[in-house]
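*Asks:* mind folding the following:
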Amino acid sequence: MRRSLIVSIVALLIAGAALFWEFGGNEAAPGWQGYAEADYVKVGPTQQGTLVALSVGRGDEVKQGDPLFAQDDSQDSAAVDQARHQLDQAQAQLTNLQAGGKETEINQAEANLADAIATRERAQADLQRAETLLKSGNTTFQNIDQLRAAATSAVARVAVAEAALVQIKAPMGRPGEIAAAEAAVSAARAALAQAQWRFDQRHVAAPVGGRVADTLALPGETMAAGAPVVSLLPPANIFVRFFVPEPDLAHLHRGDSVSIRCDNCPAGLTGTISFVAPQPQYTPPIIYSESTRAKLVYLIEARPRPDQAMLLKPGQPVDVHPAGSPPERAGQP
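*Replies:* Residues are numbered from 1 along each chain as shown. Predicted coordinates for the structure are as follows:
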């Protein structure tokens with residue numbers, strides 16, 4: 001009798017423990033299904049042209065500034081040469097208008113001025129001597145008049161020689177001509193910069209660092225402007241999308257931290273909520289859950305740190321939990 005009572009008590013205890021574990025002792029922290037997603041950087045040419053080189057392949061890691069692909073640049077190279085020659089021509093014309101006379105012409109003008117100055121000094125000296133002789137009666141007024149006229153003429157010739165020297169040293173062009181030539185130089189310089197830019201665009205480098213997710217064209221194809229050639233995946237562009245029912249939405253806000261778990265992923269993956277959809281939607285087909293099928297859920301996006309985002313693969317299923325929830329309570333091994 002006593003033994004039967006003990007067996008009955010043990011059976012009751014086991015049943016009670018099972019019921020407690022089923023209904024109260026195995027409460028898991030709330031969790032939501034989702035998947036990894038990414039924003040790809042599609043890199044294409046800015047101009048139409050033939051693809052002649054592809055420097056990367058799928059899966060390659062590239063740094064910002066590494067070459068990705070190149071187009072045929074023969075026409076743009078010729079345009080750069082033409083623009084450079086036109087700039088040289090415009091600059092030469094401006095320099096010619098800004099320059100004075102030749103060195104030999106300047107030397108001749110300086111010699112003419114020196115001769116005129118010597119003639120003036122001699123004429124003035126002759127006039128002074130004659131005026132002294134006039135006082136003693138050894139010359140005539142007629143001679144004085146001739147010498148005074150010669151001195152005046154010599155002074156005028158000096159002024160003419162000085163003006164000629166200034167003119168020969170001055171720029172050959174008029175102010176309006178020089179201004180027009182300067183504008184032509186500026187226009188030619190801008191045309192060269194534009195031609196150089198078009199040439200540089202034929203050689204495309206990585207705008208950001210990351211992994212080459214795909215190559216979308218091969219050498220020999222004619223690419224339209226903007227058509228993607230290489231698809232890049234920067235680590236910072238990998239994020240997680242998950243879906244939560246309306247009762248859980250009140251506990252999640254932009255800027256909150258969440259825990260991210262996936263098969264064979266290291267522990268400690270976290271993300272920061274960056275987007276909460278303003279409207280609900282039906283559970284997407286990728287979320288396989290009998291209990292939430294045909295229920296309305298809200299889309300939420302969370303972004304891990306770049307070093308952790310590299311561990312996720314776009315399309316990979318993940319489980320998202322509140323930050324700090326222990327793995328054993330979340331149903332994780």
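*Asks:* mind pulling up the pLDDT for residue 146?
*Replies:* Residue 146 carries a pLDDT score of 83 in this model.
*Asks:* check the one 10 residues further on too.
*Replies:* As summarised for this prediction, residue 156 has a pLDDT of 82.
*Asks:* that one: how many residues sit nearby?
*Replies:* Counted by other CB atoms under 10 Å, the residues lying close to residue 156 total 12. Any C-beta I mention is one placed from the backbone N, CA and C, and that applies to glycine too.
*Asks:* what helix or strand does it sit in?
*Replies:* Residue 156 is located in helix 141-169, with elements delineated by DSSP states H and E.
*Asks:* which SSE is immediately downstream of that helix?
*Replies:* Scanning onward from helix 141-169 (DSSP H and E), the first element met is helix 175-200.
*Asks:* and that following helix, what's its mean pLDDT?
*Replies:* Rounded mean pLDDT across helix 175-200 is 91.
*Asks:* who are the packing partners of the helix or strand just after it?
*Replies:* For helix 175-200, the following helix or strand on the C-terminal side (DSSP H and E) is strand 203-205. The contact analysis (3 or more CB pairs under 8 Å, 6 or more residues apart in numbering; DSSP states H and E) places strand 203-205 against strand 67-71.
*Asks:* and for the helix or strand following the strand it packs on, what's in contact with it?
*Replies:* The element immediately downstream of strand 67-71 (helix or strand, assigned by DSSP H and E) is helix 74-98. For helix 74-98, the surrounding residues in contact (CB atoms under 8 Å, 6 or more residues apart in numbering) are 171-173, 177-178, 181-182, 184-185, 187-189, 191-192, 194-196, 198-199, 202.
*Asks:* can I have the buried ones of the residues you listed as a PyMOL selection?
*Replies:* Selecting the buried subset of these in PyMOL, with 16 or more other CB atoms under 10 Å as the burial test, is done by:
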select buried, resi 173+181+184+185+188+189+191+192+195+198+199+202
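*Asks:* can you give me every residue that contacts the residue nearest the centre of the chain?
*Replies:* Against the mean C-alpha coordinate of the chain, by CA atoms, centre = their mean, the closest residue is residue 207 at 8.4 Å. For residue 207, the contact set (CB under 8 Å, 6+ apart) comprises 41, 43, 64, 232.
*Asks:* residue 301 now?
*Replies:* Residues near residue 301 by CB under 8 Å, 6+ apart: 37, 239, 240, 241, 273, 274, 275.
*Asks:* pLDDT on the helix or strand harbouring it, on average?
*Replies:* Taking DSSP H and E as the criterion, residue 301 maps to strand 296-303. Here strand 296-303 scores 90 as its mean pLDDT.
*Asks:* who does that strand pair up with?
*Replies:* Strand pairing for strand 296-303, using DSSP bridges, gives strand 238-245 (antiparallel), strand 270-276 (antiparallel), strand 281-282 (antiparallel).
*Asks:* report the buried members of the contacts of residue 301.
*Replies:* Among the contacts of residue 301, the ones that count as buried by 16+ other CB under 10 Å are 239, 240, 241, 273.
*Asks:* mind picking the two most distant members of the residues you listed?
*Replies:* Pairwise distances among those were taken by CB to CB; the largest, 11.2 Å, belongs to 241 and 273.
*Asks:* picking that back up, in strands only, show me the contacts of residue 207.
*Replies:* The strands, defined by DSSP state E, take in 41, 43, 232 from those.
*Asks:* highest neighbour count among those?
*Replies:* residue 232 (23 neighbours).
*Asks:* tell me how far that one lies from residue 145.
*Replies:* The gap separating residue 232 from residue 145 is 98 Å, by CB to CB, to the nearest Å.
*Asks:* what's the answer for residue 193, then?
*Replies:* Distance from residue 193 to residue 145, by CB to CB: 71 Å.
*Asks:* also residue 38?
*Replies:* For residue 38, the distance to residue 145 (CB to CB) stands at 106 Å.
*Asks:* which of those two has more residues huddled nearby?
*Replies:* residue 38 (21 against 11).
*Asks:* okay but the more buried one is in contact with residue 236, surely?
*Replies:* No. Taking contacts as CB atoms under 8 Å, residue 38 lies outside contact range of residue 236: 10.0 Å.
*Asks:* how much does the lengthiest helix in the chain deviate in direction from helix 141-169?
*Replies:* Assignment by DSSP state H gives helix 103-136 as the longest helix of the chain. Per axes from the mean of the first three to the mean of the last three CA atoms, to 10 degrees, the angle that helix 103-136 makes with helix 141-169 is 160 degrees.
*Asks:* tell me the helices and strands packed up against helix 103-136.
*Replies:* Helix 103-136 sits against helix 141-169, with contacts defined as 3+ CB pairs under 8 Å, 6+ apart.
*Asks:* what is the helix it packs on packed up against?
*Replies:* helix 103-136.
*Asks:* starting at the chain centroid, how far to the helix it packs on?
*Replies:* Helix 103-136 sits 70 Å away from the centroid of its parent chain (CA atoms, centre = their mean, to the nearest Å).
*Asks:* so which bits of it are buried?
*Replies:* The neighbour-count check on helix 103-136 (16+ other CB under 10 Å) flags 109, 112, 113, 116, 117, 119, 120, 123, 124, 126, 127, 130 as buried.
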